[in-house]
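Asks: Here you go, sequence then predicted model.
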Amino acid sequence: MPAMMGKAKTQQQLINNLQIEFEKDYISTICIYDSAVPCLSWENNSFGSFREYVKSFYIQESTFAWYNLIWHTKSVLQFSICSWMAVMERLKTADELLKHNITVPSICGLCHCAPESVSHLFFECSYSFSIITHI
Ligand SMILES: [Zn+2]
């Protein structure tokens, strides 16, 4: 039986190697830049830059009113990321952890008065409010 498993594994490795070789051959045929033939380029700009690519990639994305408050040139990256995660409701607060069946106390660890959530920690918690007002 192990010989069969070894044979199947060898066949799978052969298939994987053939696929890799095929992808290498296919990718090598794609012309990166040649204005005479169809090629990969940024839309409407064959001398594209990364900035132009990002701009065209996100052109159909909607903008958010809070975007400039969080992402600006003078922001500290870790604070921007924390704010962004709070807005997107992705901070690991007790309510989010409980949604993923992670057992944690649901009550706020700071004030012990209400269920812990992003809105509670940032806008309702008396303990966090007292800290923020003393900074
Ligand atoms: Zn609290």
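Replies: Arrived safely.
Asks: what does this structure put close to the ion?
Replies: With CB under 5 Å from the ion as the criterion, the chain meets the ion at residues 108, 110-111, 125. In short, each C-beta sits where N, CA and C put it, glycine included.
Asks: CSV please, covering the residues you listed and showing pLDDT.
Replies: Compiled in CSV, the residues of the chain next to the ion are given as follows (pLDDT from 0 to 100):
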residue, pLDDT
108, 95
110, 94
111, 95
125, 95
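Asks: Could you point out the helix or strand that follows the longest helix along the chain?
Replies: Assignment by DSSP state H gives helix 2-29 as the longest helix of the chain. On the C-terminal side of helix 2-29, the closest following helix or strand by DSSP states H and E is helix 50-57.
Asks: Only the C-alpha atoms, please, for the lowest-mean-pLDDT helix or strand in the chain, written as PDB.
Replies: None of the helices or strands of the chain scores lower by mean pLDDT, DSSP states H and E than helix 50-57, at a mean of 74. What follows is helix 50-57 as a C-alpha-only set of coordinates in PDB (Å, rounded to 0.1, in the frame of the first residue of the first chain):
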ATOM      1  CA  PHE A  50       2.500  52.500  -9.700                       C
ATOM      2  CA  ARG A  51       0.700  55.600  -8.600                       C
ATOM      3  CA  GLU A  52      -1.300  55.600 -11.900                       C
ATOM      4  CA  TYR A  53      -2.100  51.900 -11.400                       C
ATOM      5  CA  VAL A  54      -3.300  52.400  -7.800                       C
ATOM      6  CA  LYS A  55      -5.400  55.400  -9.000                       C
ATOM      7  CA  SER A  56      -7.000  53.300 -11.800                       C
ATOM      8  CA  PHE A  57      -7.500  50.300  -9.500                       C
END
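Asks: need the next SSE after it, C-terminal direction.
Replies: Next along the chain after helix 50-57, taking DSSP H and E as the criterion, comes helix 67-70.
Asks: buried ones in that following helix?
Replies: Buried residues in helix 67-70, counted by 16 or more other CB atoms under 10 Å: residue 70.
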